[in-house]
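[1] one predicted model, sequence on top.
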Amino acid sequence: MTSAHSDPAPVTVRVPAKVNLELLVGPLRDDGFHTLSTVYQAVNLHDDVTVAVNDEWACSVVGPYADVVPTDSNNLAVRAARLLADETAIDTPVHVTINKSIPVAGGMAGGSADAAAALVACDRLWSLGLTTEELEEYAAELGSDVPFLIRGGTAMGSGRGERLAPVLARGSYHWVFAISDIGLSTPDVYAECDRLRGKAVVPEPRPNSELMSALRTGDPHVLAPQLSNDLQDAAISLRPELGSLLESGMEFGALGGVVSGSGPTVAFLVEDVEAAIDLTVALTATGAAREVRKAVGPVHGAHVIPARVD
Ligand code: ATP
């Protein structure tokens, strides 16, 4: 790795995972995407992404999921850094190190989170001084969820999910995520959703005003019945065990449960931190999920953190 004195210090950015409180899937568009209306919430399952000036483009992944994340140019964080370099005529390669703690391929947008983090980190490393709006525009080129992971908090997404609008949300919500081993690919889930809908005319999705009102109360009991995901039936159709997992979580005291994004992670909303611990223990004991993690939302989007002193 290059270590000339003039190189800027490495930059580390912490980035959250997301859960969709509502995911409404509209008609299939001509470009192959579906029109979406979604409400995202950022939760405190984090990846840390560090960028350091290097002689060539490189990537390392550390942490519990390291062996299932690519380190070549398919890594979304590397793609994000290279896109930003191309767009801003920067000729300084970086080594991207991802400390990965967001479950991979779980519908929690971990790859998109790393892309968001890489944009924010490279903007700082290369002293580009881009605004959040400019970073979100580059983010939208990388994926539908990437702009939200820069912004964080609770926000509404339209278009493919990349056009963001603020949502007024009070309070903090406690979540328990049941992370399954069963593979579920996002394109397969959308295809199954289309298959289940058959020839039915699908209206343009419109945000649910009761969900917006619920978020203003800050009360998880009010929010829980408003959680919804149009992809849930498709995910359960492909993996019926997700239906049983949802039932188990509700029997063990969750206020509400929903498949996260295209799955297979199931997100449960609970009353408070004690309820989160109880549900985590109960679901872990069933063995129905590979891993059960508690989290709190909303939290900030991708942001620079002080360098780690190990
Ligand atoms: P989404 O919620 O956006 O559908 P996901 O949470 O289901 O995404 P990811 O964790 O983003 O899925 O990973 C999807 C695939 O992307 C992985 O199987 C992996 O091969 C690839 N990938 C590329 N870069 C990354 C990255 N930085 N982190 C995780 N996965 C990555």
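    Structure received. Numbering: from 1, shown residues only.

[2] helices along the stretch 201-310 of the chain, start to end?
    209-217, 220-223, 232-238, 241-251, 273-286 (DSSP state H, counting those that start in this stretch).

[3] residue 295 against residue 45, yeah?
    Yes. Residue 295 lies in contact with residue 45 (CB atoms under 8 Å); the separation is 5.1 Å. Bear in mind the C-beta positions are built from the backbone N, C-alpha and C, glycine included.

[4] need phi/psi at residue 218.
    Note on residue 218: its backbone torsions stand at phi 70, psi 10 [degrees, to the nearest 10].

[5] what's near enough to touch it?
    Contacts of residue 218 were listed using CB atoms under 8 Å, 6 or more residues apart in numbering, and they are 169-171.

[6] what about these, which are in strands?
    Among those, the subset assigned to strands under DSSP state E is empty.

[7] near the ligand, which residues of the stretch 1-150 of the chain?
    Residues of the stretch 1-150 of the chain lying near the ligand by CB under 6 Å from any ligand atom: 69-70, 74-77, 98, 104-112, 114, 145.

[8] could you look up the SS state of residue 56?
    Three-state assignment for residue 56 (DSSP: H, G, I helix; E, B strand; the rest coil): coil.

[9] so what touches stretch 20-30?
    Contacts of stretch 20-30 (CB under 8 Å, 6+ apart): 34-41, 154, 190, 193-194, 202-208, 211, 215, 223, 226-231, 258, 260-261.

[10] equivalent analysis for stretch 78-86, please.
    By CB under 8 Å, 6+ apart, stretch 78-86 touches 51, 57, 59, 72-73, 90-94, 96, 114-116, 118-119, 121-123, 126, 128, 138-139, 141-142, 146.

[11] ok, longest helix in the chain?
    If you go by DSSP state H, the chain has its longest helix at helix 110-125.

[12] buried sites along stretch 242-254?
    242-243, 245-246, 248-249, 252, 254 (16 or more other CB atoms under 10 Å).

[13] nope, stretch 22-33 is what I meant
    Going by neighbour count (16+ other CB under 10 Å), the buried part of stretch 22-33 is 22-26.

[14] next one: stretch 31-46
    Going by 16+ other CB under 10 Å, stretch 31-46 has these buried residues: 34-46.

[15] quickly run through the sheet partners of the longest strand belonging to the chain, with directions.
    As assigned by DSSP E, the longest strand anywhere in the chain is strand 34-53. According to DSSP bridges, strand 34-53 forms sheet pairs with strand 11-28 (antiparallel), strand 94-99 (antiparallel), strand 154-159 (antiparallel).

[16] re the thing from before, show me which of the buried residues of stretch 242-254 is closest to residue 178.
    residue 245 (5.7 Å; CB to CB).

[17] tell me who's in contact with residue 222.
    Residue 222 neighbours (CB under 8 Å, 6+ apart): 213-214.

[18] now swap in the one 5 residues further on and tell me
    Contacts here follow CB under 8 Å, 6+ apart; on that basis residue 227 touches 21-22, 256-258, 267, 269.

[19] which of the residues you listed fall in strands?
    Those of the contacts of residue 227 lying in strands (DSSP E): 21-22, 256-258, 267, 269.

[20] of those residues, closest to residue 159?
    The nearest one, if we look at those relative to residue 159 and count by CB to CB, is residue 22, at 15.3 Å.

[21] skipping its backbone neighbours, what lies nearest the closest residue to the ligand within the chain in space?
    Proximity of the chain to the ligand (CB to the nearest ligand atom) peaks at residue 111, 2.8 Å away. Leaving aside its chain neighbours, residue 111 sits nearest to residue 76 (4.2 Å; criterion: CB to CB, 6 or more residues apart in numbering).

[22] check contacts around that neighbour.
    Per CB under 8 Å, 6+ apart, neighbours of residue 76: 111-112, 114-115, 118, 142-143.

[23] cool, and residue 165?
    Going by CB under 8 Å, 6+ apart, the list of residues near residue 165 reads 155-156, 158.

[24] count the residues that sit near residue 264.
    For residue 264, the tally of surrounding residues (other CB atoms under 10 Å) stands at 28.

[25] no no, residue 132
    For residue 132, the neighbour count with other CB under 10 Å is 15.

[26] please name the nearest non-neighbouring residue to residue 7.
    Nearest to residue 7 is residue 53, by CB to CB, 6+ apart, at 4.3 Å.

[27] ok, that neighbour - contacts?
    By CB under 8 Å, 6+ apart, residue 53 lies in contact with 2, 7-8, 10, 92-95, 125.
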